[in-house]
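S.K.: What follows is a predicted structure for the sequence shown.
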2 protein chains.
Amino acid sequence: MDRSDPRYLRSRASILDAARSLLLSGGPGAVTHVQVATQAGVGRATVYRHWPRAEDLLGDVMETVPFPFFSEPRTPTREWLRSTVAELVDQLQLTEVRAVATTLASASVWDAAMDRRRERFTSVLRDRVASALTEAAERGEVELRVPADQAAALVLGAVHYRAVLEHARADPAVVDAAVDAVGTWSA
Amino acid sequence: MDRSDPRYLRSRASILDAARSLLLSGGPGAVTHVQVATQAGVGRATVYRHWPRAEDLLGDVMETVPFPFFSEPRTPTREWLRSTVAELVDQLQLTEVRAVATTLASASVWDAAMDRRRERFTSVLRDRVASALTEAAERGEVELRVPADQAAALVLGAVHYRAVLEHARADPAVVDAAVDAVGTWSA
């Protein structure tokens, strides 16, 4: 198929629109071939033709929407971190979300475009967590024991490892322990 | 090339032997096409023909050797964990090792053989850390705050996340914080 064909471009745009609205309303797990086709009003085969793998469509559409996690810090910071990480634990149980996370990591070894996407996602997470924790430290909520820009790895690493390497769900005690690990919390 | 051809099988076996001996002497980073070819006494093109990607050769040969990390617990357990995780931080800086870690995670989403390999690696790590920490708890070294079989994710998750998602090295303070997070250490 000619990729400059107006019908090709139109169906591509309507699929991206549908995927974006599903992502925003239902989270990453809602971005499936079936739901995207229904929402976009195109056949499922059309979605498969543009994006054979759902995780690639999800990856593409995630670039077009603001990434929600850790975007709006609340206090107490410790509780906010715990509940946000717990949400991520839920999201990481979805096969498509795990697929995006692992595809970002592995393809980025040899694919420069994927590597930029990986860097963009992880730097957003890293910067949001770092800035929330820096402000929490200034308010006296916590005394950090790790560099602020490595706190995201500490807070998210265990649940990510559980999901992508052990294919299992992190216990709430693990989430709490990971959040507590960034420093000494005053409350 | 006929895969039952004796020459094919012979060169495959000699490449695996060479890769195994390089892995044991030099660690995963030593398993490169160049070094394997030299050690096996075959041309580099032959190694590429059998294993186009060095990480797949490394993955195959890792199945044939005892996996060293966390295999011999020492006391104090806290120091032993810290130094073992620090070794892994070094290993994870090597592109090939990162590639194995990420390939295991991502390919396992759709590849059953890779999925068994992932499960085998992670269960070895999980069980070794769990049993060392259970014994440490019995000796009174630590009071665990997470299920013992999720301690590996906590201890390794942050350094894994730093390596595969942020392509960066975990600070020693992060290693210490992750090890401390498993519970209350008495010393």
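M.R.: Received it, and whenever you're ready, just let me know what you need. Numbers count the residues shown, from 1 in each chain, chains lettered A, B, ... in the order given.
S.K.: May I see the domains of chain A written out as residue ranges?
M.R.: Domain segmentation of chain A under automatic domain parsing yields A:6-54, A:77-185.
S.K.: mind checking how far the shortest one is from the chain centre?
M.R.: Averaging C-alpha coordinates over domain A:6-54 and over its chain gives two centres that are 19 Å apart (C-alpha atoms, centre = their mean, to the nearest Å).
S.K.: Next: stretch A:154-162.
M.R.: 13 Å.
S.K.: who touches A:R139 in this structure?
M.R.: A:T75 (C-beta atoms under 8 Å, 6 or more residues apart in numbering or on different chains). No exception for glycine: its C-beta is placed from N, CA and C like everyone else's.
S.K.: swap in the one 3 residues further on?
M.R.: By C-beta under 8 Å, 6+ apart, the contact list for A:V142 reads A:77-78, A:133, A:136, A:182-186.
S.K.: who's it bridged to?
M.R.: On the basis of DSSP bridges, A:V142 is bridged to A:W185.
S.K.: what about it, distance to A:D127?
M.R.: 18 Å (C-beta to C-beta, to the nearest Å).
S.K.: can I get the contacts of A:V142 in a markdown table with pLDDT, distance to A:F69 and neighbour count?
M.R.: Formatted as a markdown table, the contacts of A:V142 follow (pLDDT from 0 to 100; distance: C-beta to C-beta, whole Å; neighbours: other C-beta atoms under 10 Å in any protein chain shown):
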| residue | pLDDT | distance to A:F69 | neighbour count |
| --- | --- | --- | --- |
| A:T77 | 97 | 15 | 21 |
| A:R78 | 98 | 17 | 20 |
| A:L133 | 98 | 15 | 25 |
| A:A136 | 98 | 17 | 25 |
| A:V182 | 98 | 17 | 28 |
| A:G183 | 98 | 21 | 22 |
| A:T184 | 97 | 25 | 9 |
| A:W185 | 97 | 21 | 14 |
| A:S186 | 94 | 25 | 12 |
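S.K.: Which member of these is positioned nearest A:T102?
M.R.: A:V182 (25.0 Å; C-beta to C-beta).
S.K.: Please identify which helix or strand holds the closest residue to A:G26 other than its chain neighbours.
M.R.: Spatial nearest neighbour of A:G26, excluding adjacent residues (C-beta to C-beta, 6 or more residues apart in numbering or on different chains): A:Q35 at 7.8 Å. For A:Q35, the host element (DSSP states H and E) is helix A:33-40.
S.K.: Buried residues of that helix, list them for me.
M.R.: Residues of helix A:33-40 classed as buried by neighbour count (16 or more other C-beta atoms under 10 Å in any protein chain shown): A:33, A:35-37, A:39-40.
S.K.: Report the helix or strand with the lowest average pLDDT across chain A.
M.R.: helix A:95-107 (a mean of 71; mean pLDDT, DSSP states H and E).
S.K.: next helix or strand past that helix?
M.R.: helix A:112-138.
S.K.: helices or strands next to that next one in the packing?
M.R.: helix A:77-92, helix A:95-107, strand A:142-144, helix A:151-164 (3 or more C-beta pairs under 8 Å, 6 or more residues apart in numbering or on different chains; DSSP states H and E).
S.K.: elements contacting the helix holding A:Q35?
M.R.: On a contact count with 3+ C-beta pairs under 8 Å, 6+ apart, helix A:33-40 meets helix A:6-26, helix A:44-50.
S.K.: Excluding chain neighbours, what is closest to A:L58?
M.R.: The nearest residue in space to A:L58 (C-beta to C-beta, 6+ apart) is A:V31, at 4.6 Å.
S.K.: Then A:R44?
M.R.: Spatial nearest neighbour of A:R44, excluding adjacent residues (C-beta to C-beta, 6+ apart): A:A37 at 4.2 Å.
S.K.: Kindly provide the distance from the one you found to chain B.
M.R.: According to C-beta to the nearest C-beta, to the nearest Å, A:A37 and chain B sit 21 Å apart.
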